[in-house]
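Chemist: Here is a sequence together with a model predicted from it:
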Amino acid sequence: MHSDAIVIGAGAVGAACARALAGAGLTVTVLDASGAAAGTSGQGEGNLLVSDKLRGPELSLAMRSLELWDGLQRELDDELPPGIPPLEYERKGGLVVATTDDGAAPLLDFAAQQRAAGIDARPLTAAEALDLEPDLNPAVTAAVFYPEDAQVQPVNATEALLASARARGARTVFGARVIAALPAASDRLTGVRTTRGDFTADHVILAAGPWSGEVAACLGASLPVRPRRGVVLVTTRMPHRIFHKVYDADYVAAVESDAASLQTSSVIESTAGGTVLVGSSRQQRGFDDALDLTAVREIAEKATRVFPFLAGASVMRVYGGFRPFLPDHLPVIGPDPAVAGLWHATGHEGAGIGLALGTAELLRDLVTGRAPQLEPGAFAPSRGTLAAA
Ligand SMILES: Cc1cc2nc3c(=O)[nH]c(=O)nc-3n(C[C@H](O)[C@H](O)[C@H](O)COP(=O)(O)OP(=O)(O)OC[C@H]3O[C@@H](n4cnc5c(N)ncnc54)[C@H](O)[C@@H]3O)c2cc1C
């Protein structure tokens with residue numbers, strides 16, 4: 001039962017870490033209390049966005065991750081037997097629009113900062129935006145097109161990353177809830193106790209999404225990850241009238257907000273199956289998953305401001321999950337400052353699918369002592385901005 005590395009959590013982040021570590025020659029065991037993509041990775045959307053990231057370390061991680069996503073399907077086609085569902089990776093492009101006078105200048109300023117960081121962010125006139133999306137509200141006051149924004153199907157992606165990890169020698173143990181650290185002679189973590197027995201390893205990687213705070217506590221560490229609820233509306237099948245990811249400029253403010261109260265913004269897209277996905281809300285209310293009709297109403301109202309034809313749409317389903325939120329809005333990737341042998345790869349909030357591959361690459365480099373592609377300091381669990389929390 002000994003491995004070089006244990007990964008706790010079989011969501012997108014844990015799956016990507018397992019694949020990267022196994023690819024570096026480590027023996028890896030993935031432990032999950034439930035199963036593949038059973039947590040937030042199966043309860044959100046699969047946007048791979050650069051358009052919503054402020055200039056800084058998260059944007060750099062997103063850009064590196066997008067490069068890796070771009071080549072992943074080809075790599076998997078070489079590695080995996082036929083029959084594994086495709087990632088449904090598509091570089092669809094994102095269109096961000098403001099529909100108020102107050103919203104226009106901040107959107108254009110934000111895009112200018114991103115261009116300075118190397119992002120392809122193209123301001124459009126209202127007429128150009130309507131060329132891209134003919135059913136858009138013509139009263140749009142500003143619009144920016146991001147051709148690099150892409151998407152995957154997050155459950156397929158998680159399953160495929162796990163299948164690839166297994167093809168590289170990793171094993172997965174499902175229904176194994178981590179409940180404690182193994183008693184050890186030294187102050188180094190030597191393994192974990194689970195509901196399916198004990199597992200030892202040289203390195204334990206915590207990738208338990210919104211549950212990472214509580215799992216860290218049972219391993220003797222402190223990590224201020226909190227759940228941040230989000231819901232998405234799904235319409236019945238409609239004629240295909242939305243061609244990109246289209247979202248209102250409020251979205252960036254909602255992502256960056258620290259408020260525990262309800263924040264909503266609209267992120268709208270048609271799916272291949274003919275439904276329209278309309279996300280989303282942000283709210284800190286623990287793991288309370290009761291349906292919040294205020295959130296549903298606000299999301300719907302904002303979506304109809306962007307696409308007035310949606311006022312006639314029927315909502316077939318509302319689903320949601322809990323984003324793994326950290327108070328300084330950056331994931332933790334690196335060694336725990338207090339518990340030797342414990343590593344973190346979590347706290348990606350609403351971008352864990354998009355950031356999974358860059359996270360896994362950075363974590364692999366740190367665990368194996370390779371020179372990292374990205375500057376790791378901003379993501380270090382020991383950083384000062386987390387200390388107060
Ligand atoms: C409504 C909504 C929309 C979203 N849209 C997007 C988007 O468009 N793009 C994007 O990039 N991100 C999006 N996200 C965020 C994204 O889904 C998350 O950041 C990401 O799924 C986190 O992945 P993870 O692997 O860290 O965690 P999870 O997927 O939650 O996986 C954690 C795993 O840990 C396991 N676990 C928990 N406790 C234990 C334990 N004690 N022992 C063993 N296993 C344990 C769980 O069973 C789970 O399988 C969205 C989230 C929501 C809620």
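Modeler: Yep, it's here.

Chemist: for stretch 182-192, which positions count as buried?
Modeler: 189, 190, 191, 192 (16 or more other CB atoms under 10 Å). The way it works is simple: take the backbone N, C-alpha and C, and place the C-beta from them, glycine included.

Chemist: Out of the residues you listed, name the ones that lie in strands.
Modeler: 191, 192 (DSSP state E).

Chemist: Tell me the secondary structure of whichever residue of the stretch 251-389 of the chain sits closest to the ligand, please.
Modeler: Nearest to the ligand in the stretch 251-389 of the chain, going by CB to the nearest ligand atom, is residue 352, at a distance of 2.2 Å. Here residue 352 takes the helix state, with states given by DSSP: H, G, I helix; E, B strand; the rest coil.

Chemist: Near the ligand, which residues of the stretch 1-150 of the chain? Just list them.
Modeler: The interface of the stretch 1-150 of the chain toward the ligand, taken as CB under 6 Å from any ligand atom, is made up of 8-14, 31-34, 38-41, 43-47.

Chemist: at 8 Å instead, please
Modeler: Residues of the stretch 1-150 of the chain lying close to the ligand by CB under 8 Å from any ligand atom are 8-15, 31-49.

Chemist: Quick one: buried ones out of those residues?
Modeler: 8-15, 31-33, 36-49.

Chemist: circling back: the residue of the stretch 251-389 of the chain closest to the ligand and residue 326 touch, don't they?
Modeler: No: counting by CB atoms under 8 Å, residue 352 stays clear of residue 326, with 11.4 Å between them.

Chemist: In terms of neighbours, single out the busier of these two.
Modeler: residue 352 (27 against 23; other CB atoms under 10 Å).

Chemist: could you check the distance from that one over to residue 207?
Modeler: Distance from residue 352 to residue 207, counting by CB to CB, to the nearest Å: 9 Å.

Chemist: which residues do these two both contact?
Modeler: 11, 13 (CB atoms under 8 Å, 6 or more residues apart in numbering).

Chemist: chain center to the helix or strand that contains residue 160: distance?
Modeler: Using DSSP states H and E, residue 160 falls within helix 154-167. Helix 154-167 sits 15 Å away from the centroid of its parent chain (CA atoms, centre = their mean, to the nearest Å).

Chemist: likewise stretch 132-151?
Modeler: With CA atoms, centre = their mean as the basis, the mean position of stretch 132-151 lies at 22 Å from the chain mean.

Chemist: got the CA coordinates for it in PDB?
Modeler: The C-alpha trace of stretch 132-151 is given here as PDB (Å, rounded to 0.1, in the frame of the first residue of the first chain):
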ATOM      1  CA  LEU A 132     -20.600  37.900 -33.900                       C
ATOM      2  CA  GLU A 133     -23.900  37.500 -32.000                       C
ATOM      3  CA  PRO A 134     -26.900  38.700 -34.000                       C
ATOM      4  CA  ASP A 135     -29.300  38.200 -31.100                       C
ATOM      5  CA  LEU A 136     -27.300  40.300 -28.700                       C
ATOM      6  CA  ASN A 137     -29.100  43.300 -27.000                       C
ATOM      7  CA  PRO A 138     -28.300  46.200 -29.500                       C
ATOM      8  CA  ALA A 139     -28.000  48.600 -26.600                       C
ATOM      9  CA  VAL A 140     -24.600  47.200 -25.800                       C
ATOM     10  CA  THR A 141     -22.300  50.000 -24.500                       C
ATOM     11  CA  ALA A 142     -19.000  48.200 -24.900                       C
ATOM     12  CA  ALA A 143     -17.700  44.800 -26.100                       C
ATOM     13  CA  VAL A 144     -14.400  43.000 -26.000                       C
ATOM     14  CA  PHE A 145     -13.800  39.700 -27.900                       C
ATOM     15  CA  TYR A 146     -11.300  37.200 -26.500                       C
ATOM     16  CA  PRO A 147     -10.500  34.500 -29.200                       C
ATOM     17  CA  GLU A 148      -8.400  32.500 -26.800                       C
ATOM     18  CA  ASP A 149     -11.300  31.600 -24.400                       C
ATOM     19  CA  ALA A 150     -12.100  27.900 -24.700                       C
ATOM     20  CA  GLN A 151     -14.000  25.100 -23.000                       C
END
